[in-house]
Each structure stands twice: as structure tokens, then as C-alpha cells.
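> No sequence on hand, only this structure:
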């Protein structure tokens, strides 16, 4: 127990202690939370409709199981990434294995750190959805037992446990896969991105099966009821939990659920005892066969050589690569999913289907623009981490006999290429799925690209102002740097403005031809994009030299009074 | 104190062993230098000794405790300074040292006494309350050493401990190593600085291509008729292809005794300064 508490305290301090001294820093979870609010409100609306109909049909428990399961599936996906980084790709494993500590103590200390990391995530999903479901049940006339309200915080607390236990039990194969990919980092990056795209795509593709919202006013169709009931029967641990929450055979169901949790926990610990140390040890076995190098003596321009080097280095850091390239796929995936979620296309979700006043093309364009700003242009980590991702190798870059302009040109070229790929996908979505006019699609591509160049310039500038070069793992590189998120905040603002402008102009189609409304929209947006790009470019030109000189300078803290230990205890 | 017998380790996916049938021992009161070219198998051997890596055959005993059968007891006897720095950089120096003290059960009196000694020795008193993140390369190495030695382990395993240390700290560490050995404990010291190894160590082991090439006393090098330096010996051994097992080094004008069965070279008597 002592070993566990010492190791846990160590992990806790190292993972959650903030190094930032700035009081004005914007908390990353709040920014992400705000950006996800539109999506969350749509999900809550869907849940309200489904739960209302479900409560009327007498399958409230089954729908609660489905909500919890969905949250657990998401948590499972995100937990697995954090789990692998804390357990198997962690830099402290080598140090920990030299300590005279029981492997279970090591395992448990890390497991709880993962649990705490994921608790906020599951709370973010479950709190609004469970409250919405509760309101819907009450509105449908269900009398909920008092115990149910106590079970809402319990659900949030226990939601990450099942995914955690599942991952713990499957730790050995995950470890093997992780060690396999550790020697093939570039392939790992590609697989991570593909896996994410497939998972997100599958999740979004499932939504229309459960959320044909407009038809739910007539009650749930029998097929849907059967699906929910089937789900609940399969997911027995969640079913017993909600049966207890609804005070149906409380004691029996609660103890069955508790038994499942304890049993899974015991099984995970048993496996850990057998496999954990061996699994950790296998992670150090990174020596691979030497291959005959494919020597290439082709010469390239300096900026192209820098871009190539930057790209290859990034691809060999799978965690960072996944974060850096996600923006390419996020906006198209979400837009396609939202289009399928509504009967009348994306615009139909927000406009009155009986009114023909609003120009649906402008509305659709507005939504495509808003989500492109939020999820593509504002989230380009390739620009936002331009120098941070170099880590300590930045010092190598700094001493190269290459002018700053060449370096900045290379950084921007790389970021612009990533933005451009995402924009091409968005143009294809606009053309093929939303059936937007070809000319508008071309205008969309040009305007987004101009804005992307502006945001990428800003991203590079922000990162230069406060780069985080002293990271030892990907989590640190990403977690500690909230300062760089300004482009993201600005992108949300401009995204909303672009939607509002589209709505305003579409309402004017009663007075001016639609062609002119659309033309005005693109001209205004293009001018906005050019202004934004020129402003940020000037800022970068003015400040880059000074910032580059300061980058990497150590920030030595003021010496503190020395406290020597007076008693046994890790904490001060 | 430390006995390594027929240690063989093959990394996953490799046909060739990283180390093969490596055997040596580190005796009580001795400083043992472990040298070899890059990729020779030094780090693999050290990682096996410290319990970081598993191995498929052979055995490692630390003061009679098998590293596999009795891992925790064996690890309690070891103070390991790795070539990697401490990665808990959100902690302060004192927090890290306290953590190590707690893990190894150091009582408050000894903790204060030893910490005072080491902080003075490595001139880290002023910075010990600062976050590790703010430390320089050398300061991190000093803290690494303090953390490893604070529980007064019987055997010190030092992997390139002098890298990054200033001359004074480097000198002090060498003094500490000597004091530790004189108190009847052992030091296992891996380094590429052959002059220091020659000066500080009682015996040296040379590893190359995963095989222990030779294990000899430094005193023998200096006292024998050959009168060669450790550097000459090292270069002559490692510049030869082990597979060829060239028996005669004409440039250095001394004979290497080759045991073709065990792939071991030996130089004279394998005795230490204390004449065991």
C-alpha cells in the first residue's frame, strides 16, 4: 500500500501539476468544450426525442444503457490512446522497473491516473446527455425513484471503469501491437489516423439508424425498440446498473453489477501480476535488424528539404502525427454525418422546411464554412506546433546556416499543404453531397485557402511566441501548450460570422437575385480572408526575427528556500 | 556481490543475440569497469542486471539474490545511475529525492545526513527546491546520482555517470566511488572514458559484439611485462574482428590468449589489487 501511495503521488504530480504560471491562460478543456457545444446540443436534442419516445414505449432503461454504452465506446477509444501512452510508451517505465516495487503497485498507480484523465471526458459527454434523458423521462410522465438522481453522478464516476478494465484485460495484445508499431512509427501514424477516421465514420454512420428524429413524434418504430432491447440484453453490466438506478430489484441488480466490476478488477490484477512486468520489458526491445540503407544523393531546395525532414520526423511520432493530421478529416466527417442526420439535408435541420424564403445553397454553404473554420482551419496543429514539435531538436535547426525566412517558408508550406488537403476534401463534400454549385465550390476552396494561409501564419507566430521545446513525450508537447490555441478561438468566431452572414444574405434573396447574394457572400469572405492573411503576415514579418532569437532561451526560475526533509513522506 | 553467469539476451525479431554467454563477477570492495565499443552490449547487460530487461538464459545474482526469482530484494541492494535523465520534470529536486528515500525506506536521520553530504558534494543545495524542468543537463545528472545513492546501496551501477558533470563534481564522484568500495561495497562502472576507468577501477571487463572479450585486473596491465595502457588494450582487442580471432597483435607487441571455445580473451592472471 505504501509503494502504491508513493507511486500514485509521483504520477499524480507529474501528470497534473501545471508548469504554467500565467494567470491569463485559457483552459484548453473550456475551449474544446465550447467548440463542441453545437454538436452536443444536436446530440442532446436527439436524445431528448429518442428518450421521450422510448419512455412512452416503456424502454427508458434500454435507452439509458445505450447512452452509457455510447459514452463508454467513446471513452474506450480515447482511453486506449492515453492508456498506451501512460503504460507502454511512457518514458518512466525504465526508471520504474529498477525500483524495488511490486508491479501491481506500479500498474494501479498508472491505472488511476488514466482513470482521472478520462473522468472529465466522460463527465463532459454524460452530464448533459443524462440530464436531458432525465428531463425527457419526466416530460413523458415517468415517475423516477429518488435513487435514480443519486445514480446520475455515480454513472459519471463509474463510466470510465468498464473501458479501463477492458483495456487492462486486453493489455497484453495491445502491448504487442504497440511494440510492433514502435519499430514502425510511420506505419503507426498512418494506422492511428485511419483507425480514428474509421471509428468516427462508423459512429456517425450509425447515428441515422437511431436518430430519424422527425419521425419519432409518432413513437419509436418496433424495429428500433427491438434494437434497443437487444443492446441492453448484451450489455448486461450497464443493464443491471440502470435497473438498480430505476429501483427495479435494487439489491439484486446492484450487487450483480458490483460483482461484475469487482470480478473484472480481480481478473485485470491477476493478468497484470502475470504480464505487466514482462509487457513493459518488451517495450524496451526496440533493437531491430539493420537494413541496407537506400542511399539517396538527390539534392533539393532548402525549404523543400526542411519540409521533407519536418514531415518525416512528424510521421515517426504517431501521437503527434494523429493530432496534426486529424483536422484534414474532422470537418468532412462531421458535415457528412450531419447531412445524413436530417431528412432535408444539413440546411433543413436549421431552417423552416415549409418556408422557401431562405436560400438553401447559401445556408448549406454557411454551415460548411462554419465547420471548416472550426475543425479544419482553426485546428491545424501542423502550424500551431510548428516549432514545438521540433522539441529539443529545435536547437539543431537554430544553428543550421539557414535564414529564418527559409525556415518560416518551409513551416508555412507544410501547414498550407495539410490545410489544402482538407480543403480539397471539403470541396468534394460540398460538390458531391451537398450539391453546391461548381462555381461556389471553387470559391469555397479559394476563400478557405486564403483564410488557411492566414491562420497558419498566426499559428506559427503564436507558437514562436511561446514554444514548448522541452517535452519528453507527445502528451507533454500537446498538453502544456494552451497558448497556441488562439487561432482556434479566432476560427470559431469567424466561422460563426460566416454562418450569420450566409443567413443574412439568404434572407435577402427575396429582394436580390440569389446569384448576387452568393457573389456578395464570397466577395466579403474573400476580402476578409485577404485582410486576415495580410495582417498576420505583417505581424510575423515584424516579430519573427526577435522571437526566433529568444526561442529556446532557458527560463530560469527564482531560487526558492531550500526545504530539507524532516520526516518520512514524499510530499513537502 | 554481483555474479553474472552465461547471460544471453536476444531482442525480439533478431536472430543474433545482443549478448551471448556473458559471465563476470564484481567482488566486494571492488570497482569494476565495464567497457566496450558502441553497440557492443554494455547497455543490454546493464539493463538485464537492473531488472529492466528479461533475458532468456543465464543468471544474475546480487548478493545472493537472483534478479528474476527475488527481484525486489535484489533491486533494494542496487543504486542505478542510468544514462537517461530523470523524466519527472514537474517534480522539484527535493521531491524526487524524497520519493527515492521513501521507496527504499531511508529513515529521516540518515536521509538528512546523506542528503546534506551529497548536496554539498555536488553543489546542488541552492537548486534542490526548484522544478527539475529548470535544471541543466549536468544538474539533472547530479540529481540522478543523488537519487540512486541516497539509500546507500551495496552495489552502485553507474552507466556513464560522469557525462555532463563539472570537474569538481566528477572528482567528488570518483572519491565517493573509492570510499564506497573501501567500505566493502562494490561499484560497477560503465564508461567510454578509458583513462578514468584505468585510474579508478580495480578490474575491467571488455565486451564486444555481445561477448565478454576479456576480464582483467588494471594492476596487471601496469605491472606485467607488457606494460600496456587500457586504451591500447581496448583498441587492439576491439579493432580485431572477433570472428577471425587474430591471436597476435604485432603493433602493440603483446599476445592475447584466445579461448576459442568460450570466445574469451584473457590477459594474464585475473586477480585484483587486493590479491584475492
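In hand now; what should we look at? Quick caveat, the model's predicted, so the values are computed rather than measured.

> is it true that residue A:467 touches residue A:551?
Yes - in terms of CB atoms under 8 Å, residue A:467 counts as a neighbour of residue A:551; the distance is 5.6 Å. Backbone N, C-alpha and C define where each C-beta goes, glycine included.

> For these two, indicate the residue with more neighbours.
Regarding residue A:467 and residue A:551, a neighbour count based on other CB atoms under 10 Å in any protein chain shown identifies residue A:467 as having more, with 23 against 19.

> Which helix or strand contains the more buried one?
Assigned by DSSP states H and E, residue A:467 belongs to no helix or strand.

> Leaving out the residues flanking it, which one is nearest to it?
residue A:387 (4.4 Å; CB to CB, 6 or more residues apart in numbering or on different chains).

> wait, what's in contact with the one you found?
Contact analysis of residue A:387 by CB atoms under 8 Å, 6 or more residues apart in numbering or on different chains lists A:394, A:411, A:460, A:463-464, A:467, A:469, A:551.

> phi, psi of it?
For residue A:387, the backbone dihedrals (degrees, to the nearest 10) come out as phi -100, psi -30.

> Same question for residue B:191.
phi -160, psi 160.

> that older thread, if I look at the residue nearest to residue A:467, how far off is chain B?
Distance of residue A:387 to chain B, given as CB to the nearest CB, to the nearest Å: 18 Å.

> pLDDT below threshold where in the stretch 101-250 of chain B?
Along the stretch 101-250 of chain B, the model assigns pLDDT under 70 to residues B:221-228, B:237-250.

> Now do the shared contacts for residue A:467 and residue A:551.
Overlap of the contact sets of residue A:467 and residue A:551 (by CB under 8 Å, 6+ apart) consists of A:387, A:394.

> count of residues packed around residue B:187?
Neighbour count for residue B:187, taken as other CB under 10 Å: 25.

> Repeat that for residue A:254.
Neighbours around residue A:254, by other CB under 10 Å: 17.

> From what I see, residue B:45 and residue B:4 are in contact.
Yes - when contacts are counted by CB under 8 Å, residue B:45 is listed as touching residue B:4 (7.3 Å).

> Give me the more crowded residue out of these two.
Neighbours per residue (other CB under 10 Å) separate residue B:45 from residue B:4, with residue B:45 holding more: 28 against 23.

> Assumed the more buried one was part of a strand.
No - the assignment for residue B:45, made by DSSP: H, G, I helix; E, B strand; the rest coil, is helix rather than a strand.

> what sits against it?
Taking CB under 8 Å, 6+ apart, we find residue B:45 in contact with B:4, B:7, B:19, B:22, B:34, B:207.

> got a list of contacts for the helix or strand where the fourth one lies?
Using DSSP H and E, residue B:22 falls within strand B:19-26. By CB under 8 Å, 6+ apart, the residues outside strand B:19-26 that reach it are B:1-9, B:32, B:41, B:44-45, B:48, B:58, B:155, B:186-188, B:205, B:207, B:210-212, B:215, B:262-263.

> could you point out which element follows that strand?
That would be, after strand B:19-26 and using DSSP H and E, strand B:31-35.

> which SS class is residue B:113?
Classified using three-state DSSP, residue B:113 is helix.

> Tell me the bridge partners for residue B:24.
Counting by DSSP bridges, residue B:24 is bridged to residue B:4.

> who touches whichever residue of the stretch 151-276 of chain B sits closest to chain A in this structure?
In the stretch 151-276 of chain B, the residue found nearest to chain A is residue B:157; the distance is 9.0 Å by CB to the nearest CB. Residues in contact with residue B:157 (CB under 8 Å, 6+ apart) are B:46, B:49-50, B:78-81, B:188.

> can we see that at 10 Å?
A:98, B:2, B:26, B:32, B:34, B:46, B:49-50, B:62, B:78-82, B:148, B:186-190 (CB atoms under 10 Å, 6 or more residues apart in numbering or on different chains).

> Those residues in helices, which ones?
B:46, B:49, B:148 (DSSP state H).

> Could you tell me how many residues sit around the second one?
Counted with other CB under 10 Å, the burial measure for residue B:49 works out to 25 neighbours.

> Quick check: bridge partners of the nearest residue to it once chain neighbours are set aside?
Among residues not flanking residue B:49 along the chain, residue B:60 sits closest, at 5.6 Å (CB to CB, 6+ apart). With DSSP bridges as the criterion, residue B:60 is bridged to residue B:4.

> quick one: residue A:393 and residue A:90, what's the gap?
Distance of residue A:393 to residue A:90, given as CB to CB, to the nearest Å: 21 Å.

> between these two, which one's more packed in?
Applying other CB under 10 Å to residue A:393 and residue A:90 shows that residue A:90 carries more neighbours, namely 20 against 12.

> where does that one land in three-state SS?
coil.

> Assess the claim that residue B:80 and residue B:187 are in contact.
No - in this structure, residue B:80 is not within contact of residue B:187 by CB atoms under 10 Å, at 11.8 Å.

> Show me whatever sits in contact with both of the two.
B:155-158.

> Can I get the ones in helices among the contacts of residue B:157 in CSV including distance to residue A:237?
Below are those laid out as CSV (distance: CB to CB, whole Å):
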residue, distance to residue A:237
B:46, 46
B:49, 45
B:148, 45
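
> ok, which stretches of chain B are helices?
B:42-49, B:71-76, B:93-103, B:108-122, B:137-149, B:167-182, B:194-200, B:218-223, B:230-238.

> ditto for the stretch 1-150 of chain A
Taking DSSP state H, counting those that start in this stretch as the test, the helices found in the stretch 1-150 of chain A are A:2-16, A:28-57, A:60-87, A:93-97, A:103-139, A:146-158.

> For residue A:235, which of those helices is the nearest?
Ranking the helices of the stretch 1-150 of chain A by proximity to residue A:235 (CB to CB) places helix A:60-87 first, at 5.3 Å.

> Now look at the closest one and say if it contacts chain B.
No - against chain B, helix A:60-87 shows no contacts by CB under 10 Å from any CB of the partner chain, the least distance being 12.6 Å.

> quick check: angle from that helix to helix A:2-16?
On the basis of axes from the mean of the first three to the mean of the last three CA atoms, to 10 degrees, helix A:60-87 is oriented at 90 degrees to helix A:2-16.

> Quick check: mean pLDDT of helix A:60-87?
What helix A:60-87 shows for mean pLDDT is 77.

> Tell me the confidence at the residue nearest to residue B:49?
On the pLDDT scale, residue B:60 is placed at 92.

> quick one: contacts for it?
B:2-5, B:7, B:22, B:45, B:48-51, B:66-68, B:74.

> Recalculate using a threshold of 7 Å.
Contacts for residue B:60 (CB atoms under 7 Å, 6 or more residues apart in numbering or on different chains) come out as B:4, B:7, B:48-49, B:67.

> can you check residue B:90 too?
A:13-14, A:17, A:19, B:131, B:133.

> Columns distance to residue A:493 and neighbour count on top of those residues, output as TSV?
Output for these, formatted as TSV (distance: CB to CB, whole Å; neighbours: other CB atoms under 10 Å in any protein chain shown):
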residue	distance to residue A:493	neighbour count
A:13	36	18
A:14	35	19
A:17	32	13
A:19	29	16
B:131	35	18
B:133	34	17
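
> For residue A:477, state which of the residues you listed is nearest.
Closest to residue A:477, out of all of the contacts of residue B:90 and judged by CB to CB, is residue A:19, at 12.8 Å.
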